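>>> Dropping a prediction and its sequence here:
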Amino acid sequence: MMLRHLLVQIKGFFGDKSRLRKRDPLIGDNTDFKCFEWVIGQRFTSRQSFKNVVAKYGILQGSNITITSSNNHRKQNIIMKCVSRCKFYLYGGWDSRRVVYVVKSVDGEHNCSRNMKKNRQMKSRWVADQFLEVFKVRPHWQAKEIMATIKKTFSVLVNKDFAYRVMYHTHRMLHGSMLEHYTKLGSNIEALKHINPQSLVKLVNNPTRVDNANVSQRLHMCFEGLKHGWLEGYRKVICIDACFLKTFLGGQLLSAIGRDHNDQMYPISWAVVEGDENDLVIKSYEHQAILNGVDKVFPKAEHRHCARHIYAHWHKSFKGEELKLLFWKAIKAYNKADFEDA
């Protein structure tokens, strides 16, 4: 009888919702920041989540919020304020009892005007994350359009350099860095050899490295299907061409191209090699100190001289308007035939 009475009391206690303590709201990506208000006790999953929410709030509200105090140790406290004359004040810290990051003190009133020219929370990496889905559809989104979209979406004016940084961070998010791609080169080659062992894939590492690191120097590829297709059914003509790779790694792309019976291009083989030292071209005027310095530092480089300075010396011995026109006609010739005609 006493046990039944005790159970009824426990059921009545937990059944009364008015006695239950209302949990503080958990703030995340699904929060509507257009009508957001800061309240003491608001919870966040981590310290970084709290900073992300403050950044999004500051950008959408047009408030130039900055971190005035930050402690990465112990309670991981962060104090944020707006511009100097604004009343806004926000203090967050780690709650070890509930294992969440909470707002401990706040004054959410703003008496400052919206700032469209400067917002410290507007980071290029953050904007890249917001527009990531757009870049998936439009990978070549132009800088001017990015600037106009930021202005329309967040009411913040940014320059072209900021738009280029957004493009850079988005490219890294979607495709990874160049270093990450090259670290997968060895495993990709082994997978290709396992699937198609008759294909020719040869990777040469740089033997001059002092630290003995596996740094690739040359790569040659020729697929089995392309090789047999050219040998069995195409014209026995090979065209070899090369172009420079316009990346920070440099190098050249060599290609061997054949011709089919319809006189269309047929790829046979290609290779990526290092650039030749003779590719370096130095242009200067005829000063003896420069001539000696280039010959000593860059002995294999092609050293060209400024045409205007050559003409200044040449004009002393060969005068006349007709000779002047012939000189510049020869200078501007891009091939041997035009040079001989000049």
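Done, it's in.

>>> which residues touch residue 155?
With C-beta atoms under 8 Å, 6 or more residues apart in numbering as the criterion, the residues that contact residue 155 are 62, 114, 116. Every residue, glycine included, has its C-beta placed from N, CA and C.

>>> Let me have those in a markdown table, adding secondary structure as columns.
Written out in a markdown table, the entries for the contacts of residue 155 read as follows (DSSP: H, G, I helix; E, B strand; the rest coil):
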| residue | secondary structure |
| --- | --- |
| 62 | coil |
| 114 | coil |
| 116 | coil |
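
>>> Just among these, which is most surrounded?
For these, neighbours were counted using other C-beta atoms under 10 Å, and residue 62 has the most, 16 neighbours in all.

>>> now that residue: how far from residue 68?
Counting by C-beta to C-beta, to the nearest Å, the separation of residue 62 from residue 68 is 19 Å.

>>> Strands of this structure, start to end?
With strands called from DSSP state E, the chain shows them at 43-44, 66-70, 78-81, 89-95, 100-107, 200-205, 216-222, 235-244, 252-259, 265-273, 281-284, 302-305.

>>> how distant is the shortest one from the center of its chain?
Yep, that's strand 43-44 we're talking about. In terms of C-alpha atoms, centre = their mean, to the nearest Å, the gap separating the centre of strand 43-44 from the centre of its chain is 31 Å.

>>> What of stretch 305-321?
Going by C-alpha atoms, centre = their mean, where stretch 305-321 is centred and where its chain is centred differ by 47 Å.

>>> Then stretch 218-226?
30 Å.

>>> Same question for stretch 56-67.
Relative to the chain's own centre, stretch 56-67 is displaced by 25 Å; criterion: C-alpha atoms, centre = their mean.

>>> Give me the average confidence score over that stretch.
Predicted confidence along stretch 56-67 averages 84 (mean pLDDT).

>>> got the CA coordinates for it in PDB?
Listed next in PDB are the C-alpha coordinates belonging to stretch 56-67 (Å, rounded to 0.1, in the frame of the first residue of the first chain):
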ATOM      1  CA  LYS A  56      27.000  34.700 -38.900                       C
ATOM      2  CA  TYR A  57      25.000  36.900 -36.500                       C
ATOM      3  CA  GLY A  58      27.400  39.900 -37.000                       C
ATOM      4  CA  ILE A  59      27.300  39.600 -40.800                       C
ATOM      5  CA  LEU A  60      23.500  39.300 -41.200                       C
ATOM      6  CA  GLN A  61      22.900  42.000 -38.600                       C
ATOM      7  CA  GLY A  62      25.500  44.300 -40.100                       C
ATOM      8  CA  SER A  63      27.400  44.600 -36.800                       C
ATOM      9  CA  ASN A  64      31.200  44.900 -36.700                       C
ATOM     10  CA  ILE A  65      31.700  42.500 -33.800                       C
ATOM     11  CA  THR A  66      35.300  41.700 -32.600                       C
ATOM     12  CA  ILE A  67      36.800  39.400 -30.000                       C
END
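
>>> Can you mark which positions in that stretch are buried?
When neighbours are counted by 16 or more other C-beta atoms under 10 Å, the buried residues of stretch 56-67 are found to be 56-65.

>>> Check stretch 72-89 too.
By neighbour count, with 16+ other C-beta under 10 Å as the criterion, the buried positions of stretch 72-89 are 77-83, 86, 88-89.

>>> Between the two ends of it, what distance do you get?
Distance across stretch 72-89, first residue to last, is 19 Å (C-alpha to C-alpha, to the nearest Å).

>>> Check stretch 32-46 too.
Taking C-alpha to C-alpha, the first and last residues of stretch 32-46 lie 19 Å apart.

>>> And the contacts of it?
24-28, 50, 53, 56-57, 60-61, 90, 92, 98, 100-106, 108.

>>> Then stretch 170-178?
Defining contact as C-beta under 8 Å, 6+ apart, one finds that stretch 170-178 is touched by 128-129, 131-132, 135-136, 139, 181, 247-249.

>>> Now the buried members of these.
Neighbour counting by 16+ other C-beta under 10 Å classes 128, 131, 135 among these as buried.

>>> for the stretch 201-342 of the chain, what are the low-confidence residue spans?
For the stretch 201-342 of the chain, residues meeting the criterion pLDDT under 70 lie at 208-213, 247-248, 276-287, 289, 298, 342.

>>> what residue lies at the spatial centre of this protein?
Compute the mean C-alpha point of the chain, and by C-alpha atoms, centre = their mean the closest residue is residue 168, 2.8 Å away.

>>> Quick check: the gap between it and residue 127.
Residue 168 sits at a distance of 11 Å from residue 127 (criterion: C-beta to C-beta).

>>> List the residues that contact residue 95.
With the criterion set at C-beta under 8 Å, 6+ apart, residue 95 makes contact with 101-102.

>>> again, only using 10 Å
Going by C-beta atoms under 10 Å, 6 or more residues apart in numbering, residue 95 touches 24, 41, 43, 75, 101-102, 104.

>>> From the buried residues of stretch 72-89, pick the one nearest residue 215.
Set against residue 215, the nearest of the buried residues of stretch 72-89 by C-beta to C-beta is residue 78 (42.5 Å).
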